[in-house]
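In: A structural model of the following input is requested.
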Amino acid sequence: MEPLADIVYAACSNPTKLLKGHPTPDGLRRLGMNIKTALRESRRYYIDDEVVRAATHLGVQHPDVLMSMLRRARLPFNKCWVEWSPRAQVEESGYIPAEDIPERTGCILERLDQAHPLFRMTMIGFQPDGERRLKSCCVAPISIIYNLEQPISLASSDRHSIAEISKLPQDYINKTLIGGAYMEHSLYQREPDEIEHRRRICDELASYATHSILPFIKPFIQESLSSYKYNVNWRQEWERVFRSEIIEHSGSWRFIISLFALINSRDYLESDKVLRHGKSRSVNAKMIPYLDHFLVALKLPRKIVQQRALREYAEAIPRRRHEVEGHWKQSRKKGLLGCEHVYVDETPTRQVCVFEGCGHKRWWVNEFERGDASIGYVIKDRLVVKD
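Out: Numbers count the residues shown, from 1 in each chain. Model prediction:
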């Protein structure tokens, strides 16, 4: 099946016909340019259905589990594109998918602060038109901003506006961050004390994220809603759009947290498959391609393999410039033999095992590039599959 990222990119090339998310032609053109730029700068993750089911199942366990996954769900890159099958997600949640459910859905994830793990998630979907020839894409005007370390301390103006326009209770909007499936699963208990305990944890989880209007669309919404001439018509249209986006994407944030907690637990790259490459150039009397585009299978869970660095350093030709994704780096001191490490933060990027006598440490390494840019670049997309 054609990747959703390619469908979205093509739709952005003809935004007035195939893109939804702004009510004016000029706004659609600018929106298309912004999305194309974001896609070019993003590293792509295509999620296998089995991984979708695993992440969905993991995300509806006890709320304490989801809370513990927050700090493990950092993005490996500053910008990521993630796409998956909503059908697999809905089925694993215990619901029957609608007949018109799209084949794929996706989101753009962006890091907003280099010092703190503050991120924004923007949902994008598509729906075939007519005889499934033209595929129109819809960019959600509402994004989700979330922090993995502490509750969101942003201004509440967007929260108030979203609740006012959508005519949905603020408490309901907050709960959609976690999703109905999670709430039903986690609150299915007979003991009142346990129900109240889980409700408190769910409320705490929701405080780490908030809905926000996309900065690009916010001025137009404010202008259209404040205009007397268009007040009634625009308000009804935005109410429909906001309600639809909030309800349809309920639980997507919880899924993303669970997914990247799984991805970050994976320690190595299983295989590289060349999809396409650019023209070759001569380096040290040898012809090599200047730009390669790889599809990398990230298999879960971890297997023990030979270090790829041994092969890479043995090559005579220096390595081309390539990206290294953000990852957890483990201390060489193994700690207690057989210890199932449970980590707590020493600093925002460094953790230590809490068990007495162990002291095993790990720390987060942000994305970076290495290699020789003069002989070319290697760009990788990532296909996440379950072993």
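In: Wait, a helix at residue 122?
Out: No. Residue 122: not assigned to a helix; according to DSSP: H, G, I helix; E, B strand; the rest coil it is strand.
In: That one reaches residue 214, doesn't it?
Out: Yes. When contacts are counted by Cβ atoms under 8 Å, residue 122 is listed as touching residue 214 (6.8 Å). (C-beta placed from N, C-alpha, C; glycine too.)
In: Between those two, which is the more surrounded one?
Out: Higher neighbour count among residue 122 and residue 214: residue 122, with 21 against 18, using other Cβ atoms under 10 Å.
In: how much space between that one and residue 32?
Out: 14 Å (Cβ to Cβ, to the nearest Å).
In: thinking again about what came up before, who touches both of residue 122 and residue 214?
Out: 139-140, 143 (Cβ atoms under 8 Å, 6 or more residues apart in numbering).
In: Including secondary structure, distance to residue 249 and neighbour count, could the residues you listed go into TSV?
Out: Putting the shared contacts of residue 122 and residue 214 into TSV (DSSP: H, G, I helix; E, B strand; the rest coil; distance: Cβ to Cβ, whole Å; neighbours: other Cβ atoms under 10 Å) gives the following:
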residue	secondary structure	distance to residue 249	neighbour count
139	strand	12	27
140	coil	7	25
143	strand	10	24
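In: Identify the residues contacting residue 331.
Out: 360-362.
In: If any of those residues are buried, put those into a PyMOL selection.
Out: A single PyMOL command selects the buried members of these (16 or more other Cβ atoms under 10 Å):
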select buried, resi 360+361+362
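In: Which member of the contacts of residue 331 is positioned nearest residue 13?
Out: Distance ranking of these against residue 13, using Cβ to Cβ, places residue 362 first at 43.2 Å.
In: doesn't residue 346 make contact with that closest one?
Out: No. In this structure, residue 362 is not within contact of residue 346 by Cβ under 8 Å, at 10.2 Å.
In: Could you name every residue contacting both of the two?
Out: Joint contacts of residue 362 and residue 346 (Cβ under 8 Å, 6+ apart) do not exist.
In: And the helices in the stretch 201-350 of the chain, which stretches?
Out: All helices of the stretch 201-350 of the chain, identified by DSSP state H, counting those that start in this stretch, fall at 218-226, 231-248, 252-263, 308-314.
In: Check which helices and strands the longest one sits against.
Out: Other helices and strands packing on helix 231-248, by 3 or more Cβ pairs under 8 Å, 6 or more residues apart in numbering; DSSP states H and E, are strand 142-147, helix 157-166, helix 170-176, helix 218-226.
In: What mean pLDDT does the longest one get?
Out: The pLDDT scores in helix 157-166 average 84.
In: How many neighbouring residues does the residue nearest to residue 82 when sequence neighbours are not counted have?
Out: Once flanking residues are discounted, residue 82 sits nearest to residue 45: 4.6 Å by Cβ to Cβ, 6 or more residues apart in numbering. Residues lying near residue 45 (other Cβ under 10 Å) number 26.
In: So residue 45, which state does it fall into?
Out: Residue 45 ends up strand, using three-state DSSP.
In: could you pull out the strands for the stretch 1-150 of the chain?
Out: 19-20, 43-47, 79-84, 105-113, 118-129, 134-139, 142-147 (DSSP state E, counting those that start in this stretch).
In: For the fifth one, which helices and strands make contact with it?
Out: The helices and strands touching strand 118-129, judged by 3+ Cβ pairs under 8 Å, 6+ apart, are helix 4-13, strand 105-113, strand 134-139, strand 142-147, helix 252-263.
In: what does the last one rub up against?
Out: Among residues not part of helix 252-263, those counted as contacts by Cβ under 8 Å, 6+ apart are 45, 47, 51, 54-56, 58-59, 66, 69-70, 72-76, 82, 84, 89, 107, 109, 121, 123, 144, 146, 177-179, 182, 209, 298, 300, 384.
In: Not counting its neighbours along the chain, what's nearest residue 35?
Out: Per Cβ to Cβ, 6+ apart, closest to residue 35 is residue 12, 5.0 Å.
In: swap that for residue 139, sorry
Out: residue 21 is the one closest to residue 139 (Cβ to Cβ, 6+ apart), at 3.4 Å.
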